[in-house]
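**Q** Sequence plus predicted model, see below.
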Amino acid sequence: MSTTLNLISEYQHEKVLFVNNEKAGLHAILALHNTNLGPAIGGCRLYPYAGLDAALFDVLRLSRGMSHKNAAAGLPCGGAKGVIIASPAQKTPALFEAFGEAVETLGGKYYTAEDVNTTTEDMNQVLHTTQYVVGRDTVSGDPSPVTAYGVFCGIRAIANRLNGTDDLHGVKIALQGLGHVGFDLAHRLYEAGADLTVSTHSNRANMEVAVKEWGAKEVTDEELYRTECDILSPCALGATLNYDTIPNLKCRAVAGAANNQLLDDECGQALRDRGILYAPDFVINGGGVINAAQEVFTTYNRENVLKQVAGIYDTISWIVERSGTTGVPEGIIAREFAESRIYGTPCRFR
Ligand code: NAD
């Protein structure tokens with residue numbers, strides 16, 4: 001069996017659906033990882049994968065990640081993901097309608113949403129053929145500000161662990177990526193009195209605001225990793241905590257929005273070995289999915305969503321505290337906690 005096929009068994013996926021619709025030009029994979037806790041939620045990613053194996057590998061990993069994220073957020077939801085093998089230039093309404101038909105065949109076990117290279121406008125096309133879509137622009141809307149709020153709560157929990165107070169006045173934070181989440185987060189941090197150092201690739205207008213209005217210091221990406229600070233906040237790409245960056249970090253903790261920040265589990269251990277606290281990404285960035293999930297279960301209410309998202313403070317506090325007393329990296333504790341909810345197994349850390 002290929003490594004990728006092995007993952008289907010190892011990750012225990014409930015169902016993996018390969019979809020081919022020649023007329024619409026759709027080549028897609030829907031991976032339903034687990035629905036023990038309830039209907040699965042996970043975005044629809046569109047990407048010009050090099051081949052079927054690459055797409056399958058990605059969708060298997062991402063769907064399991066959604067099970068962990070949703071479980072850690074305390075949601076009554078499972079995890080799934082869809083990938084469409086195409087470039088953004090190949091997007092058509094027919095492509096998304098055909099994707100919706102595939103989602104519909106799962107009969108409500110999978111709710112899709114926007115993701116990398118897909119937009120709420122694309123999801124409006126998906127809605128022509130299935131009702132199982134969340135993050136609708138007319139209901140919960142752009143998840144980014146809610147994600148940023150959750151990360152802000154998580155950062156305060158980390159500051160509390162570092163300094164014995166969650167007051168952010170004078171706390172030095174180095175933030176990477178002034179995009180949808182990073183810009184909103186930087187604003188909140190500025191208002192809370194943090195001392196900001198920032199890097200970004202695009203979004204020059206956001207950088208101007210950060211520097212001129214919030215007194216942030218602009219640095220290059222290279223410099224950001226070496227910035228002496230209390231908290232490094234990756235809000236751009238995945239795998240930024242790796243064998244090149246970790247030895248050079250001059251922070252006391254890492255807490256940011258980006259997905260899949262650790263290159264692998266050993267990097268979680270490497271952070272611990274250097275005495276750097278880590279807020280597991282799939283816990284601290286759960287605000288967006290908490291926001292979208294409300295559409296499935298109840299009438300959307302922003303105030304209730306924000307109350308639930310504020311709970312990220314307690315979850316992060318608990319994880320770093322347990323990591324401190326057991327010596328087990330935070331990411332492992334978070335995963336075991338999520339899996340204990342999914343599979344009803346005991347959690348060694350509870
Ligand atoms: P975005 O595309 O709006 O912003 C990303 C920003 O990162 C851009 O400003 C880009 O210029 C910058 N960037 C890219 N590479 C960089 C680099 N090497 N150095 C510095 N800056 C760099 O994306 P977003 O929606 O803000 O999401 C940010 C991260 O958070 C992503 O990893 C995403 O998967 C994750 N996330 C987002 C949400 C959400 O609600 N949007 C939810 C959960 C997780």
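**A** That came in fine, so what should we check first? Only a predicted model underlies this, so the values are computations on that prediction, with no experimental measurement involved. Numbers count the residues shown, from 1 in each chain.

**Q** Helix, strand, or coil at the spatially most central residue of the chain?
**A** For the chain, the residue nearest the mean C-alpha position is Asn259 (4.3 Å; CA atoms, centre = their mean). Under DSSP: H, G, I helix; E, B strand; the rest coil, Asn259 falls in the coil class.

**Q** Who are the contact partners of it?
**A** Asn259 sits next to 65, 238, 281-282, 285 when contact means CB atoms under 8 Å, 6 or more residues apart in numbering. Every C-beta, even on glycine, is put in place using the N, C-alpha and C of the backbone.

**Q** Next, the contact list for Leu162, please.
**A** Applying CB under 8 Å, 6+ apart, the residues contacting Leu162 are 230-231, 252-253, 277.

**Q** Report the entries of the contacts of Asn259 that also contact the ligand.
**A** Asn285 (CB under 6 Å from any ligand atom).

**Q** Go through the contacts of Asn259 and name the one nearest the ligand.
**A** Within the contacts of Asn259, the smallest distance to the ligand is 3.9 Å, found for Asn285 (CB to the nearest ligand atom).

**Q** nearest residue to that closest one other than its sequence neighbours?
**A** Using CB to CB, 6 or more residues apart in numbering and skipping residues adjacent in sequence, the residue nearest Asn285 is Ala257, 4.7 Å away.

**Q** ok, the one you found to Gln269 distance?
**A** Counting by CB to CB, to the nearest Å, the gap from Ala257 to Gln269 is 23 Å.

**Q** And Glu330, by the same measure?
**A** Distance from Glu330 to Gln269, by CB to CB: 11 Å.

**Q** Of the two, which one has the most company?
**A** Each of Glu330 and Gln269 has its neighbours counted (other CB atoms under 10 Å); Glu330 has more, 25 against 16.

**Q** which ones are touching that one?
**A** 268, 272, 277-280, 319-320, 323 are the contacts of Glu330 under CB under 8 Å, 6+ apart.

**Q** Alongside the ligand, which residues does this structure contribute?
**A** 143-144, 147, 176-182, 199-203, 221, 235-237, 257-259, 285, 288.

**Q** switch the cut-off to 5 Å
**A** Within the chain, the positions near the ligand by CB under 5 Å from any ligand atom are 143-144, 147, 176-181, 199-203, 221, 236, 257-259, 285, 288.

**Q** Among these, which ones are in helices?
**A** Counting by DSSP state H, the residues of the chain next to the ligand place 144, 147, 180-181, 221, 288 in helices.

**Q** Need the max-distance pair from these.
**A** Spatial extent of those (CB to CB) is set by the pair Asp221 and Gly288 at 24.0 Å.

**Q** Of the two, which one has the most company?
**A** Neighbour totals were compared for Asp221 and Gly288, and Gly288 leads with 27 against 14 (other CB under 10 Å).

**Q** The more buried one contacts Pro145, correct?
**A** No - if you go by CB atoms under 8 Å, Gly288 and Pro145 don't touch, sitting 9.2 Å apart.
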